[in-house]
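Enquirer: Sharing a model that was predicted from the sequence below.
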Amino acid sequence: MQLVDDWRKALKWFSVQIPAANMAFLATWAALPPKFQDALPVPWVIGIAVGLLVLGIVGRLVKQDSP
């Protein structure tokens with residue numbers, strides 16, 4: 001296993017940013033008190049998380065120009 005050649009630019013990639021946003025969303029929701037979690041039902045949370053995972057896959061397939 002080896003790192004990709006331009007691994008230092010990984011934080012600029014959609015395929016890294018979107019899963020990071022997904023982790024932040026899920027961690028934030030899990031840290032909320034139950035009364036606030038009830039404002040966003042579990043099926044919605046799962047739907048948002050799955051949607052972000054799909055966007056992460058799409059982000060991997062999108063060609064991103066290097067500056």
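Expert: Happy to help now that I have it. What you see is a predicted model, and the numbers here were worked out from it, not measured in a lab.
Enquirer: Tell me the pLDDT of the residue most central in space within the chain.
Expert: The residue lying closest to the centre of the chain (Cα atoms, centre = their mean) is Pro19, at 2.2 Å. pLDDT for Pro19: 95.
Enquirer: Remind me which helix or strand it belongs to.
Expert: helix 14-31 (DSSP states H and E).
Enquirer: for that helix, packing partners?
Expert: Counting contacts by 3 or more Cβ pairs under 8 Å, 6 or more residues apart in numbering; DSSP states H and E, helix 14-31 packs against helix 42-61. For every residue, glycine as well, the C-beta is placed using N, CA and C.
Enquirer: between the helix it packs on and helix 14-31, what angle do the directions make?
Expert: 160 degrees (axes from the mean of the first three to the mean of the last three Cα atoms, to 10 degrees).
Enquirer: Mind listing what's buried along helix 42-61?
Expert: Leu52, Leu55, Gly56, Gly59 (16 or more other Cβ atoms under 10 Å).
Enquirer: The nearest residue to Leu53 once chain neighbours are set aside: neighbouring residues, count only.
Expert: Using Cβ to Cβ, 6 or more residues apart in numbering and skipping the chain neighbours, the partner closest in space to Leu53 is Asn22 (6.4 Å). Residues lying near Asn22 (other Cβ atoms under 10 Å) number 18.
Enquirer: again with the one 4 residues further on
Expert: Residue crowding around Leu26 was assessed by other Cβ under 10 Å; the count is 15.
Enquirer: Wait, it touches Ile46, no?
Expert: No - using Cβ atoms under 8 Å, Leu26 is not in contact with Ile46; the gap is 9.8 Å.
Enquirer: these two touch, right, Pro19 and Leu55?
Expert: No - judged on Cβ under 8 Å, Pro19 makes no contact with Leu55 at a distance of 9.1 Å.
Enquirer: Secondary structure element holding Val4?
Expert: Val4 belongs to no helix or strand, assigned by DSSP H and E.
Enquirer: what separates the closest residue to it other than its chain neighbours from Ile18, distance-wise?
Expert: Distance criterion Cβ to Cβ, 6+ apart; nearest residue to Val4, sequence neighbours excluded, is Ala10 at 7.8 Å. Remark: distance between Ala10 and Ile18 (Cβ to Cβ, to the nearest Å) = 13 Å.
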